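In: Build me a structure from this.
(2 chains)
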Amino acid sequence: MENNTVHSAIRKYNQDKTRLMDILIEIQDNENHISDDAVRIISEKLGLSIVDVEQTISFYHFLSKESLGKYTIYLNNSVISNMKGRQIVAETFENEAGCKFGEVTEDGIIGLFDTACIGMSDQEPAALINGSVFIHLTSFRVKKIVRDMRAGKDVKKMHTSYLGDGQNKSEYLNSVVRNNIMRMGPVLSDDYNPGTIIMKNLAQLTPEQVIEEIKTSNIRGRGGAGFPTGLKWEFCRKAKGDKKYVLCNADEGEPGTFKDRVILTERPKLLFEGMVIAGYSIGATEGILYLRYEYKYLKHYLENILEEAREKNLLGKDIGGIKGFNFDIRIQLGAGAYICGEESALIESAEGKRGEPRDRPPFPVEKGYNDCPTVVNNVETLCSVVKIMLNGGEWYSSLGTRESTGTKILSISGDCRYPGIYEVEWGLSINEMLDMVGATDIQAVQVGGPSGSLIGPEEFDRILCYSDLATGGSLMIFNNKRYLLKDVVLNFTEFFIEESCGSCVPCRSMTPLLKQKLEKILNGNGVANDLEDLPKWGELMKINRCGLGHTAANPILTSLKNFRHLYEEKLERGKEYETGFNLEQAVSESCEATKRVPDF
Amino acid sequence: MADIINFTIDGKECVAEKGTLILQAAQENDIYIPTLCNYEGVKPQGSCRICTIKTNGQFVTACTTPVADGMEIENNTEEINDLRKSIIELLFVEGNHFCPACEMSGDCELQALAYRFQMMVPRFTFQFPKREIDARNPKILMDSNRCIRCKRCIRAIKDEKERSIFAFHGRGRNIEVHIDPDLGSKLTDELAERSVTICPVGAILPREKGFRTPIGQRKFDHEPIGSEYKY
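Out: Numbering: from 1, shown residues only, chains lettered A, B, ... in the order given. Okay, the predicted model is just below:
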């Protein structure tokens, strides 16, 4: 039975070791785990060693060698989920199921696990159960879910509410997820008939002309790093290589971001058209949509749309009647690793390996997927490209600010009346944003997710743009009742510790030390010196290899800069030095073993 | 003839062939840049970050970045040396390194760097993690307490089919190096010896052969690491 799954997964992907991720995911989803036997068979068939297969399995959050239960529940433990009532939901799950988080019930039916942000910050608390999304959880709802599991119900039949809006209720999705599109702009607008550019315009343009148009628009990468898209395409076009690739980064892992999930649900044709345009421009024949595992529920739906596109000649051979222009797209699932949103880690992962970022140079435009020239673009960037080709680069550059042209799709969550996604022109101030979403009595806004900065009211006149507050679009709002250091900063820091790939020494080892210091302060054992150490120690993070490593200390560093008083309030006054060492705790294990109580 | 380019390290005029990695270029100009995860003949990967240098305001690793014409490199500066020392201290506190009881004392690159950078007491809190010793292999002993996750063994030791004998397991601070149960048990004497040699610390030790080099005659017993370079 199990061996059949393993063999058929290996056959399905032609014993190709670059498809190891797909093989492992298929086995995990069918068998709830990847057994020793499965690992052995994979290693033999793919020509890998056992430790090689295991190093990939052990890297990803959603792959496991232990059984995770017939029903595997991943409850989001992000800041927003906590704010919206996660604790009571988690307690109810534990009580009803009869096991703790991180465990599987004795009968093997239910497994409870934590997971980082699943891209549902506008409808938390939310959980993934066997790949299906459950939103707006309450303890009442949880009791019913657990009863349904005990009764052996199919997860897809457990929903008690209407399905979500828009395409969420299509027969391919059957999902209760809500889009919450609160504000549309030129990229999200629904007045465009996808495929028009490919069918009507592309044949009249040379790839160079397309790239020129993108350069005129001045659009920069929407994932957060902000590299000019036209330039990236030009580098890749000029790079030498027989085969080139377009990778779309749909590994939307920055906590608080969910705009790509909405685009993938409502505007997937626009995205795929953008990928085709990118393919035409750089001379690629293959595109890969790297979809985060949390959005696996969209895979079947998206594959259906790809199939439709092939039927309409929007993908495949001689696309749009352009002789010799062949391009197709496949979907690559991730398996739970924030770091894979970093482009070189994403490439490693798409090749079936651990998602460890690469050294640069060489950059992916020269040596990317399978060592071929590759562009990696964000979902939103590729959608914007279609509208640039439709209305012109000049038009696009007239939107936004001089430096940051166009629009940005924001994912807004937290303490506000109308969480959801908003497409706005660059240049919006934080005050305007708060007005837009109905947020009052605000203590702080986290701009750009945990890797961005935590800012307070005195900076709310700053504007969203690459030269002031750059952002991939995650905005989390915290009102005056929130305990920023504990509920926000500590949670974000733990997130980075969990998600570090572990390669660079400072990222692997410094972040936990900074967290310990923060906890020492929160426990009331901090002294003035600790506040001096934090920024000094944080300096070391800038020599890490990748963006995660560079920003992992940002929650602590930016909150210390902008909310220093919150730290100072917690300090022990008049003390030069305090170890924070708890002797009783340190010897508790020995006391337990010897059954003796020391007299301190 | 290859292109020769000019660059400076801490103001000293240097030359190198175009395309040379900064580390090698520095060494050719008799300048020392400390390394730890790097090993001659093994593809560099820049994970320990100890060879970090500064150029044009940016920090990059010397072992992975090619030198460019006109590059001005900062290497032996107070700022960079303190960052390097911090890394050494981090490695000492993240693992369990008890030099006096370690078979590799004197031959250990981490210990040697700590001496060179005059580490007295790490500024960070010792973590004293609980780590395993894997003594299942007939030829080598793996002590995770001393492992610094430099990946040298992982990158360098492969079987005849290019399969990995060592590999990472897990991620983040829980990352470990595992040895393959099958390929490991068939490890040739030559590969076993090479894995011991390639380990910069005492995390991979030969079995049944203790203290092959007497203390006093070990690599760093008389001169600090990097003494072969003038600057």
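In: What is the neighbour count of residue B:55?
Out: A count of nearby residues for residue B:55, using other Cβ atoms under 10 Å in any protein chain shown, gives 20. Placement of C-beta: from N, CA and C, glycine included.
In: Apart from its chain neighbours, what residue comes closest to it?
Out: Using Cβ to Cβ, 6 or more residues apart in numbering or on different chains and skipping the chain neighbours, the partner closest in space to residue B:55 is residue B:73 (5.1 Å).
In: Surely that neighbour and residue B:10 touch.
Out: Yes. With contacts counted by Cβ atoms under 8 Å, residue B:73 reaches residue B:10, the gap being 7.3 Å.
In: who's more crowded, the two?
Out: residue B:73 (26 against 15).
In: so what's the more buried one up against?
Out: Residues counted as contacts of residue B:73 (Cβ atoms under 8 Å, 6 or more residues apart in numbering or on different chains) are B:7, B:8, B:9, B:10, B:22, B:26, B:53, B:54, B:55, B:67.
In: By neighbour count, sort out the buried ones in those residues.
Out: Among the contacts of residue B:73, those classed as buried by 16 or more other Cβ atoms under 10 Å in any protein chain shown are B:7, B:9, B:22, B:26, B:53, B:54, B:55, B:67.
In: Distance across stretch A:16-24, terminal residue to terminal residue?
Out: Distance across stretch A:16-24, first residue to last, is 12 Å (Cα to Cα, to the nearest Å).
In: go on, stretch A:68-80?
Out: OK, stretch A:68-80 end separation, Cα to Cα: 25 Å.
In: Kindly check the end-to-end length of stretch A:156-166 for me.
Out: Terminal residues of stretch A:156-166 lie 18 Å apart, using Cα to Cα.
In: what's next to that stretch, contact-wise?
Out: Stretch A:156-166 has contacts (Cβ under 8 Å, 6+ apart) with A:129, A:132, A:134, A:141, A:144-145, A:148, A:169, A:173-179, A:181, A:265-266.
In: Low-confidence bits of the chain, can you list those?
Out: You didn't say which chain, so I picked chain A. Along chain A, segments meeting pLDDT under 70 span A:1, A:600.
In: think we crossed wires, I meant chain B
Out: Flagging of chain B using pLDDT under 70 yields the residue ranges B:1.
In: let's see 90
Out: B:1-2, B:209-212 (pLDDT under 90).
In: Can you check which helix is longest in chain B?
Out: Taking DSSP state H as the criterion, chain B has its longest helix at helix B:78-94.
In: Against chain B, how distant is residue A:121?
Out: Distance, residue A:121 to chain B, using Cβ to the nearest Cβ, to the nearest Å: 23 Å.
In: Please name the nearest non-neighbouring residue to that residue.
Out: Spatial nearest neighbour of residue A:121, chain neighbours left out: residue A:413 (3.6 Å); criterion: Cβ to Cβ, 6+ apart.
In: Look up which residues are beta-bridged to the one you found.
Out: On the basis of DSSP bridges, residue A:413 is bridged to residue A:476.
In: That one contacts residue A:449, doesn't it?
Out: No. Using Cβ under 8 Å, residue A:413 is not in contact with residue A:449; the gap is 10.6 Å.
In: Mutual contacts of those two, please.
Out: Common neighbours of residue A:413 and residue A:449, using Cβ under 8 Å, 6+ apart, are A:256, A:476.
In: Just want to know which of the two has more residues nearby.
Out: residue A:413 (32 against 26).
In: centroid residue for the chain?
Out: Looking at chain A here, since you left the chain open. residue A:253 (1.0 Å; Cα atoms, centre = their mean).
In: oops, I was thinking of chain B
Out: Geometric centre of chain B, nearest residue: residue B:36, 1.9 Å, by Cα atoms, centre = their mean.
In: That one: what's it in contact with?
Out: B:48, B:50, B:51, B:109, B:110, B:113, B:148, B:150, B:200.
In: what does residue A:215 give?
Out: Per Cβ under 8 Å, 6+ apart, neighbours of residue A:215: A:228, A:230, A:231, A:234, A:393.
In: where does the fourth one fall, phi/psi-wise?
Out: What that stands for is residue A:234. The phi and psi torsions at residue A:234 (degrees, to the nearest 10) take the values phi -60, psi -40.
In: Quick check: it vs chain B, distance?
Out: Per Cβ to the nearest Cβ, residue A:234 is found 21 Å from chain B.
In: What count of nearby residues applies to the residue in the stretch 101-250 of chain A positioned nearest to chain B?
Out: The minimum distance from the stretch 101-250 of chain A to chain B, using Cβ to the nearest Cβ, falls at residue A:116 (12.5 Å). Residues within reach of residue A:116, counting by other Cβ under 10 Å, total 23.
In: And for residue B:12?
Out: Residues within reach of residue B:12, counting by other Cβ under 10 Å, total 15.
In: beta partners of it?
Out: Note on residue B:12: beta-bridge partners residue B:9, judged by DSSP bridges.
In: who are the neighbours in contact with it?
Out: Contacts for residue B:12 (Cβ under 8 Å, 6+ apart) come out as B:29, B:31, B:231.
In: so who does residue A:302 touch?
Out: The contact partners of residue A:302, by Cβ under 8 Å, 6+ apart, come to A:264, A:268, A:289, A:291, A:331.
In: Go again with 6 Å.
Out: Going by Cβ atoms under 6 Å, 6 or more residues apart in numbering or on different chains, residue A:302 touches residue A:268.
In: Which SSE is immediately downstream of the one helix or strand it maps to?
Out: Per DSSP states H and E, residue A:302 falls inside helix A:299-311. Downstream of helix A:299-311, the next assigned helix or strand under DSSP H and E is strand A:328-333.
In: Show me what that next one is packed up against.
Out: Here strand A:328-333 touches strand A:286-291, going by 3 or more Cβ pairs under 6 Å, 6 or more residues apart in numbering or on different chains; DSSP states H and E.
In: residue of the stretch 251-400 of chain A with the smallest distance to chain B?
Out: In the stretch 251-400 of chain A, the residue that lies nearest chain B is residue A:359 (4.1 Å; Cβ to the nearest Cβ).
In: top of the contacts of residue A:215 by neighbour count?
Out: Compared across the contacts of residue A:215, residue A:230 has the highest neighbour count, 22 neighbours, by other Cβ under 10 Å.
In: Check whether that one really touches residue A:213, as I assumed.
Out: No. Applying Cβ atoms under 6 Å as the test, residue A:230 and residue A:213 come out as separate, 8.1 Å apart.
In: Quickly list what's touching both of those two.
Out: Shared contacts of residue A:230 and residue A:213, defined by Cβ under 6 Å, 6+ apart, are absent.
In: The residue lying closest to residue A:546 once chain neighbours are set aside in helix, strand or coil?
Out: Leaving out its chain neighbours, the residue that sits closest to residue A:546 by Cβ to Cβ, 6+ apart is residue A:357, at 3.9 Å. At residue A:357 the chain is in coil, as set by DSSP: H, G, I helix; E, B strand; the rest coil.
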